[in-house]
Structure formats: C-alpha cells, structure tokens
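Novice: the sequence isn't on hand, but the structure is:
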C-alpha cells in the first residue's frame, strides 16, 4: 500500500512538472532605444499590452540598448527576436547596409526581418535654446551645436543635413559630439550648448527639459535648394511635413517644418511563427485605445487601420498579412510592394 502511494505521488509530481513546462510562456526579447527615450517608453507599454492579451502564450521582455546599431546587431545574431527601428533604419538593418549596419553583413547578407505593425509617427528637427537669437538654421553659425552621437551615428547625418540645408557646414558651428541625444539634452539643461541637431518632442527627458528651459524647434529649410542639400547629405528621400503646435508636441511653438519618421515593430521571420505574429498584431489591434494611452507619441494611431503602413520599406510577416487580410485592409498595392521587397531580398541573398 505504501509503495502504491509513493508511486502515485511520483506520477502526480511528474504530471505537475510537465503541465508547468507546457503552460509556461515563451520568453521573447524585443530590442529598443535607450531607457531615456520616447521609443523605449512606447515599446515597454506595447509589450505590456501584448503580454496581457496575446493568445500565443508569449512573454515579451524589453531590452533597452544604446541605439539602432546595437538593435540591429541583436537582431542579426538572433539574440533578440523582435526589434524597433524607424522606417529609414529598418531597411538598412534588414539589408545590412549603411555605415552603421554593414558590419553585420559578416554575419548574414540579409537579416530576416518582417514587419508586424507601424507605431508612433515621430518628428525631428533642431532644438534650440531661447534667448540666443536663433530663429532659423542660418542663425546657428558660431553656435554650440550638438551634431555627433557616438551611440547613434545615423543621427549625425541628419544633424549635418540640417546645417547643409541652410547653407552651413560643421565648420561653421562649434560642433559637439556626445554619446546620445540624452547627453545633448543634459547640455541644454545646463546651458553648455545652444542647439541639438537631431531630436524630437517625445520622451520623458525631453518633457523635463521643455518644462525647465526656454527651448523650441526650428524648421528644416524647405526651399528646393535647401531640401536637395538636406537629402544629398542625409542619403534618403525625406518626408518633411509642417507640424503645428499641439499639447502632444511640446517645443513646437509655431508651424515648423520637421522630418517625419515612423517606428517599425519587426520580428525575425525565422524565430516568430505565423501564429505568434498573428497573435501579436491582434492584441494591439483589439486594444488600440490602450495603445494610444501609453504615450503622447502614440496618439497619432487614431484608428487600428493605421497600424499598417503604406510605402513600407521592410516585408511584412506572413502572420501579420493574414490578420490584415482578414480585416480587409491588405490591398493589392500592399501585395505588390511586398513582392518587390521579397524580390530585393532574394537578389541580396545571392
């Protein structure tokens, strides 16, 4: 009798262990921007929503990084299964191109990134301190200008592009290099610099700065000559829009011409299954009101249809396509763009 009880207890214990393993969530890492960035805050909030509502038993862990170069590396090596890039960096990271990403070509010709959904629309320009006589970019001549970011080298190109658009070069300003945008913001807080060349109105540190100092954004030069000079330096066809003052966009004190980007939430297609991708997108779509409440930067997602991004620069995940098709918003234009991108990927893999 005693041996039967022990045998039964062993079976109960084994069953409990197996059930526990089977029921445990799969841990998935998402790589995103530094802790003090607006993108980190958005990513952390989105991860909480996915963890709360996804039906694929996923547990998303948020990994802050030093910026896009590290994010790309974690995705290339597979240490992160999910990642966040803006739409410009996303394509370069996918194809392992560009000054900061081409090093990963030694690991893989193409990182198998697949888009899940678009996130915050973000606006960038030059942020300047009040009381320094800076009304346009031309007024930056001789000023202390944060233009180099060792942790985010891609931002240096846009900082220099802003100057070039106004007929200036880095030799015309007191060019300052810092580790990241947060260090530039600290410099403005402490009156050690006059302007930051590439930043936007999002993030807790930015809101702290705007609450404590008289700072504001100035416009990109939108004359044909100015835009050409900007694009020649930046290396992309730019999307420059007029941004109007809004409580959601502190530091924009008048209509201001700014560079528009969009966050891409992506997965490694070989590490996130179709079912998992479908569940991730569904959890965000079904709870878009909670997504918008995470951060002012996500307030632009006025409807779930905006999760799908026209003119996408990275192929969509098949699981995401299945979801969007069921919702009736995966159009022929999207399908055609997907085919073009997949053909490009195949060519790059040769």
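Specialist: Arrived safely. The structure displayed is predicted, hence computed values, not measured ones. Numbers count the residues shown, from 1 in each chain.
Novice: what segments of the stretch 251-350 of the chain are strands?
Specialist: Secondary structure of the stretch 251-350 of the chain (DSSP state E, counting those that start in this stretch): strands at 256-268.
Novice: actually the stretch 101-250 of the chain, not the one I wrote
Specialist: 113-129, 144-149, 174-178, 195-199, 215-218, 240-243.
Novice: so which of those gets nearest residue 33?
Specialist: strand 113-129 (10.7 Å; Cβ to Cβ). Backbone N, C-alpha and C define where each C-beta goes, glycine included.
Novice: gap between that closest one and the chain center?
Specialist: 6 Å (Cα atoms, centre = their mean, to the nearest Å).
Novice: then stretch 242-258?
Specialist: 20 Å.
Novice: so how far is the first residue of it from its last?
Specialist: 6 Å (Cα to Cα, to the nearest Å).
Novice: phi and psi next, for the closest residue in space to residue 98 that isn't next to it in sequence.
Specialist: In space, residue 98 comes closest to residue 92 once its chain neighbours are excluded; the distance is 3.9 Å by Cβ to Cβ, 6 or more residues apart in numbering. With angles defined as degrees, to the nearest 10, residue 92 sits at phi -60, psi -40.
Novice: of the strands of the stretch 101-250 of the chain, which is nearest residue 48?
Specialist: Going by Cβ to Cβ, the one of those nearest residue 48 is strand 113-129, 14.3 Å.
Novice: what angle do the closest one and strand 256-268 make?
Specialist: Between strand 113-129 and strand 256-268, the angle comes out at 150 degrees (axes from the mean of the first three to the mean of the last three Cα atoms, to 10 degrees).
Novice: please work out the average pLDDT along strand 113-129.
Specialist: Average pLDDT, strand 113-129: 91.
Novice: what does stretch 234-241 give?
Specialist: Stretch 234-241 comes out at a mean pLDDT of 76.
Novice: contact partners of that stretch?
Specialist: Contacts of stretch 234-241 from elsewhere in the structure, counted by Cβ atoms under 8 Å, 6 or more residues apart in numbering, are 88, 98, 123, 157-158, 161, 220, 222, 227, 230-231, 257-261.
Novice: again, 7 Å this time
Specialist: When contacts are defined by Cβ atoms under 7 Å, 6 or more residues apart in numbering, stretch 234-241 is touched by residues 88, 157-158, 161, 220, 222, 227, 230-231, 257-260.
Novice: drop anything exposed from these.
Specialist: The neighbour-count criterion (16 or more other Cβ atoms under 10 Å) marks 88, 157, 158, 161, 220, 227, 230, 231, 257, 258, 259, 260 among the contacts of stretch 234-241 as buried.
Novice: circling back: quick check: which of the strands of the stretch 101-250 of the chain is buried the most?
Specialist: Each of those was scored by mean neighbour count; the highest is strand 195-199, a mean of 28, by mean count of other Cβ atoms under 10 Å.
Novice: that one: partners in the sheet, and parallel or antiparallel?
Specialist: Neighbouring strands of strand 195-199 in its sheet, by DSSP bridges, are strand 113-129 (antiparallel), strand 144-149 (parallel).
Novice: for the stretch 151-300 of the chain, which segments are assigned as helices?
Specialist: 154-165, 181-189, 204-212, 224-234, 274-285, 288-292 (DSSP state H, counting those that start in this stretch).
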